[in-house]
Structure formats: C-alpha cells, structure tokens
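Student: no sequence for this one, just the structure:
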Ligand code: PAF
C-alpha cells in the first residue's frame, strides 16, 4: 500500500491509473477506522481496480466548541487495517496542503444543509462539501463510497455531485452496527461504560419508530413521540433532534407516505451520536 501526502502526487497517481484504463474508487474518511469504514473499503475493493482511502481530519467541518482537538487518531492502526483490506493508496494530506495560506474557496449546498444536523452544527456541511469537492478533484474517483449513518451528508454530497457535474458514481453503504444495534462511529470511543450501555437508545428508538409505522402510524409527530418516549427511558440521553422527513430531499411531512427517513441526534454525556433509518411507508 502506498502512502501519499502530497495532493499533487495524489492527483498524478490517479490520472495515470485512469490513463491506463483503471477505475479508481475513493473512500473519504477522517480515520480511526471502525467496521463501517472497513465495509466501505471492502465494497470499493470489490468494485474498483484501484482503491484510495483518504484520511484527513477536516478542521473546516468542526465548530469552535466541537471535538476537533480530541478527535481520535491512530495512524499506525489505521494503516494496518487499510493494508489488510487491500487498499492501494492511503492519502494523508496535511491541513496546510489542503488549506494553504490564502485559501479562499468554499463549496456550499443550500437548503438541504439547513435542517437536522445543519441546524445544530452551523458551517459543518460547508466544511464537508468543501473538502469532499477537493478530494474529488485530487483523487478523480470513478466511484466514491459513503456510509448511510451520515444520511444527511450523503444527500448533500449527492446534490453537490449532481449540481457540479462530477462524472462519478456515489455508493451509499448500509450502516454497520454493533451487536446491540449501536451504529459504528469513531466517536463511540468517547463513551464511558454506562453511556455506552445507554447509547443503544438510538437504535431502539428507530426500531420503535419503524414498528409504529408498520403498525399503521402515518403522522410524523406520532412517530417522533414514539422515538422520544424510548429515549426518555435512558437517563443519560438528551435528544438534540428527533424527526421524520421525506427521504432524498429532507422535506418536512405531516402525513407520511413514500420513502421517509427517521433521523436522530442524541447526546450521551459529552458525546453526540447520530443515527437514522430509511423506511418505505406502505
Ligand atoms: O464522514 C466523514 O468521515 C467526513 O465527513 C468526510 C466525508 C470524510 C469529510 O471530511
């Protein structure tokens, strides 16, 4: 596995591979790999001739009060895991290489970035789309892999990709869960034992919401109430948002029909977790 930190070298590598007729798959990450990241790498390995994994803790997508400084990092372990998955290139740019002095260009998707996480993390999606746009230009992927756990991110990146006309395909891979249902996330490492035990509340709330829909619930507020009741049983959990919206464009709906997304952000102590479920309403 090659390690590349120079953006220009990364671009040269990809352009040369593509010139030779090879397809390039990109898995963008912020590192501290978990089973979710590994599932994206595996899918890319199955589908592409060359697999590039970017590892860049992007300061632009963290708010001033957020966890940038303590975001978990373990490059040695990440490199070993990526090599085991047959990754061809680990792209590890420095912050100054991505945002050199004088950097002044940002990519912003409007509308879709306003509700849900966008409401509580101003500037977050602008940071995500700016860095993903740079990664698309530097890595020139034919296919890029994202996880469904960050559902709004996936929708926003899909909008940007279509709007700006990148000739690439996005693959959104299913959320990988631990045995009790907790979605794999690098931030799970922040949880102490009791918070970790109670973190199952997100998955249980989503399951209860899905069951309510299966049993005939058709009002968004009713499903939100069911999810909130589950979370209220866990004393360490505090809801940031619990919503049901139309899948794809995240529009609000009072009466549920078609494909909808149940979306949650919940604090367990000092740790903010998100999760979601996409449901077809019969
Ligand atoms: O999902 C993530 O890990 C990040 O938001 C991404 C897509 C790598 C951009 O920094």
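Tutor: Ah, there it is. Worth saying up front: this structure is predicted, and the values here are computed from it rather than measured.
Student: what's the pLDDT at residue 147?
Tutor: Note on residue 147: pLDDT of 98.
Student: partners of it in the sheet?
Tutor: residue 173 (DSSP bridges).
Student: what's the local residue count around the residue nearest to residue 74 when sequence neighbours are not counted?
Tutor: What sits nearest to residue 74 in space, not counting adjacent residues and going by CB to CB, 6 or more residues apart in numbering, is residue 32, at 6.0 Å. Quick note: C-beta positions are derived from backbone N, CA and C, even for glycine. Neighbours of residue 32 under the rule other CB atoms under 10 Å: 20.
Student: how about the contacts made by residue 32?
Tutor: 71-74, 78, 186, 189 (CB atoms under 8 Å, 6 or more residues apart in numbering).
Student: compute the number of surrounding residues for residue 273.
Tutor: 23.
Student: name every strand pairing with the host helix or strand of it and say which way it goes.
Tutor: Using DSSP states H and E, residue 273 maps to strand 271-281. Using DSSP bridges, strand 271-281 pairs in its sheet with strand 258-268 (antiparallel).
Student: pull the distance from the strand it pairs with to the chain's centre.
Tutor: Centroid separation between strand 258-268 and its chain, computed with CA atoms, centre = their mean, to the nearest Å, is 14 Å.
Student: would stretch 186-199 count as contacting the ligand?
Tutor: No. Contact of stretch 186-199 with the ligand is not found when judged by CB under 6 Å from any ligand atom; the minimum separation is 7.8 Å.
Student: neighbouring contacts of that stretch?
Tutor: By CB under 8 Å, 6+ apart, stretch 186-199 touches 30-34, 67, 70-72, 178, 182, 234-237, 268-273.
Student: next, the buried residues of it.
Tutor: Buried residues in stretch 186-199, defined by neighbour count with 16 or more other CB atoms under 10 Å: 186-188, 190-191, 195-196, 198-199.
Student: residue 62: which of the residues you listed is nearest?
Tutor: residue 187 (12.0 Å; CB to CB).
Student: rewinding a little: mind putting the buried residues of stretch 186-199 into CSV with distance to residue 62, secondary structure and pLDDT?
Tutor: Shown next, in CSV, are those (distance: CB to CB, whole Å; DSSP: H, G, I helix; E, B strand; the rest coil; pLDDT from 0 to 100):
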residue, distance to residue 62, secondary structure, pLDDT
186, 13, helix, 95
187, 12, helix, 96
188, 18, helix, 98
190, 14, helix, 97
191, 19, coil, 98
195, 21, helix, 98
196, 23, helix, 98
198, 25, helix, 98
199, 21, coil, 98
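Student: pick out the most distant pair among those.
Tutor: 186 and 198 (19.0 Å).
Student: now residue 41, nearest residue through space, not along the chain?
Tutor: Here the residue nearest residue 41, using CB to CB, 6+ apart, is residue 85, at 4.1 Å.
Student: returning to what we had before: which of the buried residues of stretch 186-199 lies closest to the ligand?
Tutor: The shortest approach to the ligand among the buried residues of stretch 186-199 belongs to residue 186, at 7.8 Å (CB to the nearest ligand atom).
Student: for the stretch 1-150 of the chain, what lies in contact range of the ligand?
Tutor: Near the ligand, when you scan the stretch 1-150 of the chain using CB under 6 Å from any ligand atom, you find 28-30, 58, 61, 128, 131-132, 150.
Student: secondary structure added to these, as JSON lines?
Tutor: Shown next, in JSON lines, are these (DSSP: H, G, I helix; E, B strand; the rest coil):
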{"residue": "28", "secondary structure": "strand"}
{"residue": "29", "secondary structure": "strand"}
{"residue": "30", "secondary structure": "coil"}
{"residue": "58", "secondary structure": "coil"}
{"residue": "61", "secondary structure": "helix"}
{"residue": "128", "secondary structure": "helix"}
{"residue": "131", "secondary structure": "helix"}
{"residue": "132", "secondary structure": "helix"}
{"residue": "150", "secondary structure": "coil"}
